[in-house]
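In: Provided below are the primary sequence and the corresponding predicted coordinates.
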Amino acid sequence: MAQLLTKTEIHKLANSLSGWTVESNKLQTLRKFKDFVAAIEFVNKLVEPAESAAHHPDIEISYNKVKVTLTTHDAGGLTQEDFDLAAIISQIV
Ligand SMILES: C[C@H](O)[C@H](O)[C@H]1CNC2=NC(N)=NC(=O)C2=N1
């Protein structure tokens, strides 16, 4: 299982990642699309990278907005796996 990152490591990694905030041991990003269909299309694009990494985002959909939250449930906080997946998700349009 991936190891929990220290606060210093989290701070450093978060600084090199744009568009994400760190909220109580979670990484979060909010993406906005033209409509619900476009939001769902984005969510569908998260499936392959999540399955490949065996690491899965928590997802909230509200009409045209998608909130993606990353945390490592097994470890009880943020690990390198969350930052790796965040970097991949950032590339998805
Ligand atoms: C066995 C399996 O790989 C684990 O349970 C994985 C699956 N996906 C996961 N995703 C996330 N976000 N956190 C986890 O701890 C986690 N655990």
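Out: Sure, I can see it.
In: contacts, neighbours, all on C-alpha from now
Out: Noted.
In: residues near Trp20, how many?
Out: 21 (other C-alpha atoms under 10 Å).
In: Quick check: which element contains the nearest residue to it once chain neighbours are set aside?
Out: Leaving aside its chain neighbours, Trp20 sits nearest to Thr29 (4.8 Å; criterion: C-alpha to C-alpha, 6 or more residues apart in numbering). Taking DSSP states H and E as the definition, one finds Thr29 inside strand 26-32.
In: The chain: helices as residue ranges?
Out: 7-15, 36-45, 47-53, 80-90 (DSSP state H).
In: dump the residue contacts of Pro57.
Out: Ala50, Val68, Thr69, Leu70, Thr71 (C-alpha atoms under 8 Å, 6 or more residues apart in numbering).
In: and it, what pLDDT?
Out: Pro57 is assigned a pLDDT of 98 by the prediction.
In: if I look at it, how far off is Ile89?
Out: Per C-alpha to C-alpha, to the nearest Å, Pro57 is found 10 Å from Ile89.
In: and if you look at Lys34?
Out: Relative to Ile89, Lys34 is positioned 18 Å away (C-alpha to C-alpha).
In: Please say which of those two ends up with more neighbours.
Out: Ile89 (18 against 10).
In: can I assume that one is in contact with Leu46?
Out: Yes - using C-alpha atoms under 8 Å, Ile89 is in contact with Leu46, at 7.1 Å.
In: Point out the residues in the protein that sit beside the ligand.
Out: For the chain, the contact set with the ligand under C-alpha under 6 Å from any ligand atom comprises Ala54, His55, His56, Pro57, Leu70, Thr71, Thr72, His73, Asp74.
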